[in-house]
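[1] Provided below for reference: sequence and predicted model.
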Amino acid sequence: MDNKFSVFRSLEWRTNSIKVEDAEEGRVLIKEFDVVKPTLIFTLYNIACFVDNLLNLSIVKTEDYYFPSLRERVENEVKAREILSGLGVKCPKIHWRKENVICMEYIDGKSVLEFYRDGGLEEVYDVSKRIGFEVRRVHEAGYAFVDCRAENYIMRNYGEIYRLDLEFFTKKTRFRSLCDIVTYDVSILGLSEDKCMTAIRGFHDGYGRKLSKTELAYISLFSSIYPLSLKEGVDEIANRASNAITLLRESIKDLNLLKLLKSLTSKMEE
């Protein structure tokens, strides 16, 4: 019996029922959409959106708020594939869909998070950089995933990366783009320090910019509740806390260096 935080099993981030079956098309994955958990998740999302808008003095700005219905979530899965295929992002093909069920191609591989745990640093950097580049292209095209965790990518034959779980795919806003970056970085904080920092560096090299202070603040906050939802073990939770602290320390170092450079520049001008 799995005793890792079993008391928190009902809080798992997975929002749907997933099963794999054999069919005429071969092995397929059947996704049945849930209603309750996404409602709770998007309640938290919109609370965070309100706080973010409050801090940015833009409470009346409503474009960031998002609460997709069950019908919209199913439609997002279909529309996202049409858009992402044009951007070179691989996704499992949909065989059929019903009101709250989608049958799609089964991708035989492992999640990118599992790949990071098993792979070498060079491989971790390369894959993470590719994902960061893909996310940047999606944002530049005017869209966002909202939920961009490493678990939502699956690796097949090393060279093929597939994006899963597209039910929250929508038009980009500043906050939704921020969510993509934060959810990805938070999802890998449970890795060992060398792999976590390598993956974060790769992702942001691919995306084209470093972490901002706002993103660091959200990563620190979100990482504190994340383990309860994934039933992480003691090692992962310890890594998560240590890596969050390391990120904050690096940020402080960068800020101090920036102040020093400004100070030196001012003295040279004098």
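    Perfect, I can see it now.
[2] going forward, measure contacts between C-alpha atoms and count neighbours the same way
    OK.
[3] Hmm, Phe168 and Arg73 touching each other?
    Yes. Between Arg73 and Phe168 there is a contact at 6.2 Å, judged by CA atoms under 8 Å.
[4] Leu29 belongs to a helix?
    No. Judged by DSSP: H, G, I helix; E, B strand; the rest coil, Leu29 forms no part of a helix; its state is strand.
[5] can you pull up the bridge partners for it?
    Val20, Met104 (DSSP bridges).
[6] Number the chain from 556, please
    Right, with 556 as the first residue, what we last looked at is Leu584.
[7] so how many other residues sit close to it?
    Per other CA atoms under 10 Å, the neighbour tally for Leu584 reads 20.
[8] list the buried ones in stretch 762-778?
    762, 770-771, 773-775, 778 (16 or more other CA atoms under 10 Å).
[9] And the contacts of that stretch?
    Residues outside stretch 762-778 that contact it (CA atoms under 8 Å, 6 or more residues apart in numbering): 684, 687-691, 733, 736-738, 740-741, 744, 759, 795-796, 799, 802-803, 806.
[10] For PyMOL, write the select line for the buried members of the residues you listed.
    A single PyMOL command suffices to select whichever of the contacts of stretch 762-778 are buried according to 16+ other CA under 10 Å:
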select buried, resi 684+687+688+689+690+691+733+736+737+738+740+741+744+759+795+799+802+803+806
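[11] Which members of the contacts of stretch 762-778 are positioned in helices?
    684, 687-691, 733, 736-738, 740-741, 759, 795-796, 799, 802-803, 806 (DSSP state H).
[12] Looking at the buried residues of stretch 762-778, which is nearest Tyr621?
    Tyr773 (18.1 Å; CA to CA).
[13] which residues touch Arg626?
    654-655.
[14] Also the one 10 residues further on?
    Residues counted as contacts of Arg636 (CA under 8 Å, 6+ apart) are Cys646.
[15] Kindly report the same for Gly697.
    Counted by CA under 8 Å, 6+ apart, Gly697 has contacts 726-727.
[16] next one: phi and psi at it?
    phi 100, psi 20 (degrees, to the nearest 10).
[17] For Val690, see how far away it is.
    11 Å (CA to CA, to the nearest Å).
[18] what residue ranges in this protein are flagged as low confidence?
    Residues of the chain that meet the criterion pLDDT under 70 lie in 556-570, 612-616, 779-787, 805-825.
[19] So Tyr620, which state does it fall into?
    coil.
[20] can you tell me the helix or strand for the residue lying closest to it once chain neighbours are set aside?
    Among residues not flanking Tyr620 along the chain, Asn601 sits closest, at 5.7 Å (CA to CA, 6 or more residues apart in numbering). For Asn601, the host element (DSSP states H and E) is helix 591-610.
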